[in-house]
Structure formats: C-alpha cells, structure tokens
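Can you look at this prediction? I've put the sequence above it.
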Amino acid sequence: MKKLSARRRHPLAAVVVLLLALAATGGLYAAFAPAGKAQADETAQSLAIDEGKKLYSVGCASCHGSGGQGTTDGPSLVGVGSAAVDFQVGTGRMPAQQPGAQVPKKKVIYNQAEIDQLAAYVASLGAGPITPTKSQVDPSGADVAKGGDLFRTNCAQCHNFTGQGGALTKGKYAPNLEGVSAKHIYEAMQTGPQSMPSFPDTTMPEQEKKDIIAYVKTVNGSESESPGGLSLGGLGPVSEGLFGWIFGLGGLIAIAVWVAAHTAKAKKS
C-alpha cells in the first residue's frame with residue numbers, strides 16, 4: 001500500500017501540466033502567427049504590384065516607359081513613391097490628355113483600388129514618399145494660427161494668402177486649393193508636383209503639414225468670414241486697390257468729360 005501511495009501524482013501536477021501546455025501553445029502561436037500574417041501581407045502586396053503593372057502598361061507606359069524609366073514624353077517614375085501616384089492619378093492629372101506647360105486637374109478615371117495598385121507598382125521601382133495614412137492628414141487639434149504663418153511664409157507667394165491660386169510664368173499656375181482633400185494637400189507638400197517645391201518631413205515635419213492643412217480648410221470653410229466684404233478672390237489689397245483705381249478713376253474721368261461737354265454747350269448758347 002505504501003508503494004502505491006508513493007506512486008500517486010501530486011494534486012497540483014495536473015495544473016502544472018496544463019499551464020505548460022498553454023505556454024507551449026502560446027509560444028507556438030507567437031512564433032507562427034506573425035509569420036503567417038507577414039506572409040499574407042507580402043502576398044497581397046505582390047498581387048497589388050502585379051495588377052498595378054498591368055494598369056501601368058495600358059495607361060502610363062507610352063509616356064513613362066515600359067519600366068518607368070521615362071521617355072521624351074514623360075519623366076522617370078523611379079523613386080517618386082506611392083504618394084506622387086496617389087496625388088497625380090487621384091486628382092485626374094494623370095494620365096495626361098496632352099503635353100503642355102502644366103497638366104490640369106480633371107475627372108478621375110481610376111477608382112481608389114486601382115490607384116492603390118498603380119501606386120504599389122511604381123513604389124516597387126524605387127523608394128520614395130509613401131501615401132500618408134488618415135491619422136497623418138487629420139487636421140483635428142492642429143494649430144490654425146501657426147498653419148497660417150507657415151502658409152504665408154512658404155505657399156502664399158504662389159497660391160495667394162487664402163489658397164485661391166495664382167498665375168506663374170510660362171503658362172504655369174498655382175491651382176486653387178479650395179475643396180482639395182487633406183490627403184492630396186499633404187501629398188503635394190511631400191512630392192512637389194510640377195512647379196511646386198517639395199517639403200519632406202526633414203524640411204517640414206508632419207505636424208507643420210497638419211497645421212497648414214487646418215489653415216487652408218479653415219480659411220476656405222463655410223464659417224470663414226471676410227471682414228473686408230467682397231473678397232475679390234482673396235487677392236488682398238492689391239486687387240481691391242486696382243478695383244478702386246479702375247472704377248473710381250474711370251468714374252471721375254466720365255464726370256469730367258460730362259462737365260466739360262456741358263460747359264462747352266453753355267458757352268455756345
């Protein structure tokens with residue numbers, strides 16, 4: 001009897017075995033689950049690149065080359081990154097209808113899934129600015145006043161003080177920013193499309209980009225007021241002075257002509 005009792009397991013032995021089994025299962029999950037997820041993400045990315053290459057061959061290769069190396073009709077896309085594709089294609093500027101001093105914004109012909117696939121393919125050609133996430137472009141909590149200072153310092157000379165746009169040299173122009181999505185404004189600052197300089201995070205940190213977006217959205221919002229009355233496109237005192245000069249001086253000239261004509265008639269009579 002003593003030998004039998006000695007062979008009996010301790011009451012806690014089963015609990016210890018269960019804990020060891022759970023630990024082993026958790027270890028196996030930790031070891032294999034992330035790898036499986038990473039593999040799935042890699043497969044999805046590969047599929048996106050393959051689909052993007054097909055779209056690229058049809059809509060982009062004739063100008064940018066079969067491998068994105070560029071031609072006489074279009075620049076190289078190696079290293080422009082997914083952000084540039086999302087901006088150019090997402091605003092309808094690309095594919096371009098015809099070459100010119102500046103490619104205008106037009107109706108978008110690709111849906112967002114196709115734009116993402118094109119962006120994935122072009123990004124695979126060389127590292128470049130990445131399409132921002134929703135949190136990166138969300139202006140909530142941003143400093144509007146600081147954004148106004150940054151905008152007037154870096155952007156107003158082309159886009160004017162309220163982002164209404166303006167003319168540049170040789171047929172180029174700075175587009176109106178009213179109604180432009182926060183993501184596309186952010187991507188434009190990242191990539192510097194056409195005549196615009198680029199403002200990478202090393203030059204203009206993410207928070208400052210958010211501040212600028214908040215300013216543009218606020219100053220062009222429905223709740224924004226113009227204490228001067230008629231905004232005249234937000235061009236400021238130069239346009240208002242020109243308005244006063246043309247119509248004010250023109251009115252004075254008309255009155256002077258009228259007075260002179262009536263004075264001459266009075267003398268004759």
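Happy to help now that I have it.

State the distance from the closest residue to residue 112 other than its chain neighbours to residue 111.
The shortest distance from residue 112 to any non-neighbouring residue, by C-beta to C-beta, 6 or more residues apart in numbering, is to residue 90 (7.6 Å). Where you see a C-beta, it was placed from the backbone N, CA and C, and this is true even at glycine. Separation of residue 90 from residue 111 (C-beta to C-beta, to the nearest Å): 10 Å.

So these two - more neighbours on which side?
Per other C-beta atoms under 10 Å, whichever of residue 90 and residue 111 has more neighbours is residue 90, with 21 against 9.

I'd like to know how far that one sits from residue 148.
26 Å.

again with residue 156
Here residue 156 is placed at a distance of 9 Å from residue 148 (C-beta to C-beta).

So which of these two has more stuff around it?
Shown here are residue 156 and residue 148; by other C-beta under 10 Å, residue 148 has more neighbours (20 against 17).

where exactly do the strands run in the stretch 51-200 of the chain?
166-167, 173-174 (DSSP state E, counting those that start in this stretch).

And residue 94, how far from residue 72?
To residue 72, residue 94 is 17 Å away according to C-beta to C-beta.

typo on my end, it should be residue 172
Relative to residue 72, and taking C-beta to C-beta, residue 172 is found at 20 Å.

looking at it, residue 144 is touching residue 211, isn't it?
Yes: with contact defined as C-beta atoms under 8 Å, residue 144 counts as touching residue 211 (7.2 Å).

Quick check on these two: which one has the bigger neighbour count.
Of the pair residue 144 and residue 211, residue 211 is the one with more neighbours under other C-beta under 10 Å, namely 23 against 16.

Wait, the more buried one touches residue 142, no?
Yes: with contact defined as C-beta under 8 Å, residue 211 reaches residue 142; the gap is 4.8 Å.

what touches both of the two?
When contacts are counted by C-beta atoms under 8 Å, 6 or more residues apart in numbering, the set common to residue 211 and residue 142 is empty.

Residue 94 and residue 72: which is more packed in?
Set residue 94 next to residue 72 and count neighbours by other C-beta under 10 Å: residue 94 wins out with 25 against 6.

Tell me which residues touch the more buried one, please.
Going by C-beta under 8 Å, 6+ apart, residue 94 touches 60, 85, 88, 103.

quick one: which of the residues you listed is nearest residue 48?
Closest approach between those and residue 48, by C-beta to C-beta: residue 85, at 12.2 Å.
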